[in-house]
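Trainee: No sequence on hand, only this structure:
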């Protein structure tokens with residue numbers, strides 16, 4: 001979801017909507033891959049997601065934008081905020097999010113990104 005706080009219109013607004021959708025999809029895919037391949041059993045913090053976006057997708061999205069996307073995916077029932085905390089880049093603790101149980105069940109029967117066994 002794109003929050004049009006800077007009052008964009010026309011083509012610029014449509015591009016922002018399209019990019020936001022792509023960002024949400026990329027971030028959801030990161031959670032799916034991490035869980036599917038058991039890379040991080042406990043989930044991911046926004047900072048770890050930001051690092052993964054840069055390292056593997058070449059996306060340099062601001063951390064605030066990544067947090068917005070994580071919030072949107074949480075409200076949509078695709079991610080779940082856990083009670084676990086991990087030290088972030090500035091020494092403050094950050095919450096960890098995981099793929100929601102319903103999404104894990106739904107994606108287990110697909111071949112995205114490959115065959116999945118949870």
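Mentor: Now that the structure is in, tell me what you want to look at. Owing to the predicted nature of the structure, the values given are computational and were not obtained by experimental measurement.

Trainee: going forward, measure contacts between C-alpha atoms and count neighbours the same way
Mentor: OK.

Trainee: Check which residues of the longest helix seen in the chain are buried.
Mentor: The residue-count maximum for a helix in the chain (DSSP state H) belongs to helix 10-36. For helix 10-36, the neighbour count (16 or more other C-alpha atoms under 10 Å) marks 16-17, 20, 23-24, 26-28, 30-36 as buried.

Trainee: now do stretch 42-58
Mentor: By 16+ other C-alpha under 10 Å, the buried positions in stretch 42-58 come out as 43, 44, 45, 46, 47, 49, 50, 51, 52, 53.

Trainee: Need those residues in a markdown table (columns: distance to residue 63 and secondary structure).
Mentor: As requested, the buried residues of stretch 42-58 are arranged in a markdown table below (distance: C-alpha to C-alpha, whole Å; DSSP: H, G, I helix; E, B strand; the rest coil):
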| residue | distance to residue 63 | secondary structure |
| --- | --- | --- |
| 43 | 17 | coil |
| 44 | 13 | strand |
| 45 | 11 | coil |
| 46 | 7 | helix |
| 47 | 7 | helix |
| 49 | 9 | helix |
| 50 | 6 | helix |
| 51 | 10 | helix |
| 52 | 12 | helix |
| 53 | 10 | helix |
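
Trainee: and the strand of greatest length in the chain with helix 10-36, angle?
Mentor: The strand that spans the most residues within the chain, counting by DSSP state E, is strand 79-87. Using axes from the mean of the first three to the mean of the last three C-alpha atoms, to 10 degrees, the inter-axis angle of strand 79-87 relative to helix 10-36 is 70 degrees.

Trainee: Give me the angle between the next helix or strand after strand 79-87 and helix 10-36.
Mentor: Moving toward the C-terminus from strand 79-87, the first helix or strand encountered (DSSP states H and E) is strand 93-99. Strand 93-99 and helix 10-36 meet at an angle of 80 degrees, taking the same axes, to 10 degrees as the criterion.

Trainee: Residue 77 is in what secondary structure piece?
Mentor: Per DSSP H and E: nothing holds residue 77, as it lies in no helix or strand.

Trainee: In contact with residue 80: list those residues for me.
Mentor: Under the criterion of C-alpha atoms under 8 Å, 6 or more residues apart in numbering, the contact list for residue 80 reads 74, 97, 98, 99, 100.
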